[in-house]
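A.B. asks: turn this into a model:
(chains A and B)
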Amino acid sequence: MSNDSNLHGKPEIVTGHEVHHDEHHVHHHKETFITKYVFSQDHKTIGKQFLITGIAWAIIGGLFSVLFRLQLGFPDQTFPILETFFGRYAKGGQIQPEFYYALITMHGTVLVFFVLTAGLSGTFANLLIPLQCGARDMASPFLNMLSYWFFFMASVVMVSSLFVSTGPASGGWTSYPPLSALGDANQGSKIGTDLWLIAMALFVVSSLLGGLNYISTILNMRTKGMSMTRLPLTIWALFFTAILGVLSFPVLLSGFILLLFDRNLGTSFYLSDIFVSQTGQALPNEGGSAILYQHLFWFLGHPEVYIIILPSMGIVSEVLAVNSRKPIFGYMAMVGSLFAITILAFLVWAHHMFVTGLNPFLGSIFVLLTLLIAVPSAIKVFNWLTTLWRGNIRFTPATLFSIGFVSLFISGGLTGVFLGNSTIDIHLHDTKFIVAHFHIVMGVASFFGMFAGVYHWFPKMFGRYLNSTLGFIHFWVTMAGAYLIFWPMHYEGLAGVPRRYLDLSGWHNFNKFGELNKMITVVSIIVFAVQLMFIFNFFYSIFKGRKVRHQNPWGANTLEWTTPIRPGHGNWTGEIPEVHRWAYDYGKDGREFIPQTEPIGKGEGHH
Amino acid sequence: MLSRIKLGEFKNTPPIDGDGSQRQRIHPHKFTLWVAIGSIIMMFAGLTSAYIVKSNQAGWQNVAMPKIFWYSTGTILLSSLVMQMALRSFKQREMNQYRLQIAGTFLLGVTFVVLQWLGFQQLWNSGVQFKGSSGGGQFLYVIAGLHAVHVLGGVIALMVMLIKAFLGRTKLYSSVPVELMATYWHFVDLLWIYLLVFFLWI
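C.D. replies: Purely as a prediction, here's the structure:
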């Protein structure tokens, strides 16, 4: 674009290095393919790298779920094609038990960490924080680049674990010891789990480097006039997400380090009094506590679900306000409830451990704190609905996905009330009910937020639009599919169907769910196919999509739409614009929208 | 006025107020370091609370802290002092003294790591090993070991600064990198004091 027009302005404050450039500065800054697309320090490119790597992981993780759904839906049928692709893992066209456990483990790990953490907050924090705060880049573009490449290394190690001869980690995505610690008890707990732990350690480093940068950029690099209370809610959400990550991931890392010691050096942090029947040996470990691992794991594990959902909440708030052409309802309540969720996120982890023999008195405190989360969550839902209420809604794919998010968040949140009560949880623990609950409230809902974000900011990322028709098909099939897949699982769970089991046909009680399970499997295949259609739309539109002609295609107030249609590194060609108002002046004084950069007019009220 | 900057070559600085003066905000890199320190604190908080939980359970064995850790404590305290002197020398542009003091910090840092290693060996030879039943010893190796890894990271950074101090012909006398180094160094020092007190009394 015409970014070269005012290159000769003299900076007000310059270091020696810059003076040097200003004096002779006819030459162009050289950007090779490597520095522009591979080892880029531009936050926008890093965001796209996270997104595209996340998409690759989503295909892998989604495919895994289709494979194990085949087993769950059609336990007595054979699929010879599986043997062609997976060899001894699908002997005779049937998914073997070890393979099944590897699939569910990797499905969870990949989607929770690699897609919905790195792919979601990695993408949107990188893309939006500098653009919406009004900064040329992150506080440390170099650390930011490292953050992506640590994620990439984690991905390489995790992918390589899929190909080792004993198979990848298969002790569940939580990797509870002793199962995950004993290679003799479980094929996947051999080298596969070591690779899993190394990949996760690299992943933690990546998250920390990213999170440090996000926090420091938001607090220190905002443009003139951009007070914290003028920030769009996307930034607030990403800010709290980063705080959660920075404070909880290190604890997970320490838990993993202890697990590595137990696995490889014979320590007894988690292991105690174990007899392995496969080898007929008693292990020398004494005095370890497997529950200790669960505490360390869930101290991250619970904040992790908010790390996943908060960015989506931020995206949805922004997209709903822009597309209902109304200010977000209750801005400060939105910020306050994000804050409350962040605090509570650290105080509820033991609700994952009600059946570990936890002291019931302690359990009741965790029940209380868990149920308290309903308050900020309800505030947020109320505010989204009131933002939509009597709005002049434009039904773009991004809007639909945002409304879908609110729907899923309500449905999934309500079942959380059941699970948060320790007495009911004793019955529902480790059943399909919990699978249904967290997939709806955290998994699919966050995906909806992510889709809303991709549809909404695709024009900013690539200067083209995604195809809307495919977008509408994508939305309706995914929305209907999500409920068709997960709604019936609630009934199965209430009836006591356990999760993680390979084959339920041994229980007469559960035979009545046979047809239901077939239906779920068929729907999940259809939904998976529609996601592939979305990915086709994504890559096709990068190159052939309708071009963006207008700088501000959605008529939005935030700063990212004041940059050129295809912004270069540094985002704004001239000065960084100054901000005069909050991000939500929609439908004010008879005007459809008033950008943040417009000074407050005479007689105009505050905000 | 905000600065006009060539795309792709901009200096990534915090925004500047109308009169051209920098807002009284903390430097972004310093802030990043403080957040990182918070993150490291959480890691050790996790480990030490795991220690407390475990120490109340059956089969726990206490171990006596190796005597040599007292010497390493003295070393790291001294190194913190020298680092602070290096920072002052740098700010007063006494570069020769600065080079000497940063070299001193570096050497003391290396000594600390070596002393810790000797302490581990002492403990190991006294029969506290990885294999077998759980106890304070295994935690001590992991917790003090991770602390030593963090010191080692600082030692590597000091080495880079040392090389720059002797070879660099830089005319930019920004004290930010030295201040960052000093903050981190004092932090690992304080962290060690915390761990020492923890091992002694808990």
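A.B. asks: okay, CA-based contacts and neighbour counts for the rest of this
C.D. replies: OK.
A.B. asks: do a quick rundown of the strands in chain A.
C.D. replies: A:275-276, A:281-282, A:586-588, A:591-593 (DSSP state E).
A.B. asks: cool, and chain B?
C.D. replies: Listed in chain order, the strands found in chain B under DSSP E amount to none.
A.B. asks: low-confidence ranges, it, go.
C.D. replies: B:1-25, B:168-172 (pLDDT under 70).
A.B. asks: all helices for it, in order.
C.D. replies: B:28-55, B:68-91, B:95-125, B:136-167, B:176-201 (DSSP state H).
A.B. asks: swap in the stretch 401-550 of chain A?
C.D. replies: Residue ranges of the helices in the stretch 401-550 of chain A, as given by DSSP state H, counting those that start in this stretch, are A:422-428, A:432-438, A:445-462, A:468-494, A:514-544.
A.B. asks: if we compare these, which one ends up closest to chain B?
C.D. replies: Put simply, out of those the one that sits nearest chain B is helix A:445-462, at 17.5 Å, with distance taken as Cα to the nearest Cα.
A.B. asks: avg pLDDT for the closest one?
C.D. replies: Computed over helix A:445-462, the mean pLDDT rounds to 97.
A.B. asks: can you list contacts of it?
C.D. replies: Defining contact as Cα atoms under 8 Å, 6 or more residues apart in numbering or on different chains, one finds that helix A:445-462 is touched by A:44, A:48, A:116, A:120, A:124, A:308-309, A:311-313, A:315-316, A:319, A:397-402, A:404-406, A:408-409, A:439, A:464-466, A:542, A:548, A:560-561, A:565-566.
A.B. asks: related to what we said a few turns ago, so of the strands of chain A, which one's packed in deepest?
C.D. replies: Per-stretch averages of neighbours, counted by mean count of other Cα atoms under 10 Å in any protein chain shown, single out strand A:586-588 among the strands of chain A, with a mean of 18.
A.B. asks: who does that one pair up with?
C.D. replies: The sheet places strand A:586-588 alongside strand A:591-593 (antiparallel), with pairing taken from DSSP bridges.
A.B. asks: separation between residue B:37 and chain A?
C.D. replies: 10 Å (Cα to the nearest Cα, to the nearest Å).
A.B. asks: quick one: residues contacting that residue.
C.D. replies: Counting by Cα under 8 Å, 6+ apart, residue B:37 makes contact with B:184, B:187.
A.B. asks: re the thing from before, need the buried ones from the contacts of helix A:445-462 selected in PyMOL.
C.D. replies: In PyMOL, this line selects whichever of the contacts of helix A:445-462 come out buried by 16 or more other Cα atoms under 10 Å in any protein chain shown:
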select buried, chain A and resi 44+48+116+120+124+308+309+311+312+313+315+316+319+397+398+399+400+401+402+404+405+406+408+409+439+464+465+466+542+548+560+561+565+566
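A.B. asks: and chain B, which of the contacts of helix A:445-462 reach it?
C.D. replies: Filtering the contacts of helix A:445-462 for proximity to chain B (criterion: Cα under 8 Å from any Cα of the partner chain) leaves nothing.
A.B. asks: which residues touch residue 140?
C.D. replies: No chain in the question, so chain A it is. A:213, B:29.
A.B. asks: if you could check chain B rather than the one you did, that'd help
C.D. replies: With contacts taken as Cα under 8 Å, 6+ apart, residue B:140 has the following neighbours: residue B:199.
A.B. asks: cool, and residue A:79?
C.D. replies: Contacts for residue A:79 were tallied using Cα under 8 Å, 6+ apart; they are A:92-94.
A.B. asks: can you redo those as TSV with distance to residue B:198, pLDDT and neighbour count?
C.D. replies: Compiled in TSV, the contacts of residue A:79 are given as follows (distance: Cα to Cα, whole Å; pLDDT from 0 to 100; neighbours: other Cα atoms under 10 Å in any protein chain shown):
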residue	distance to residue B:198	pLDDT	neighbour count
A:92	58	89	16
A:93	57	89	19
A:94	55	91	23
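A.B. asks: what's the separation between residue A:273 and chain B?
C.D. replies: Here the distance between residue A:273 and chain B works out to 10 Å (Cα to the nearest Cα).
A.B. asks: what's the pLDDT at that residue?
C.D. replies: The per-residue pLDDT reported for residue A:273 equals 87.
A.B. asks: enumerate the residues of the stretch 201-350 of chain A near chain B.
C.D. replies: Contact residues (Cα under 8 Å from any Cα) of the stretch 201-350 of chain A with chain B: A:208, A:212-213, A:215-217, A:220-224, A:246-248, A:250-251, A:253-255, A:258, A:265-269, A:284-289, A:292, A:296.
A.B. asks: understood, closing this out.
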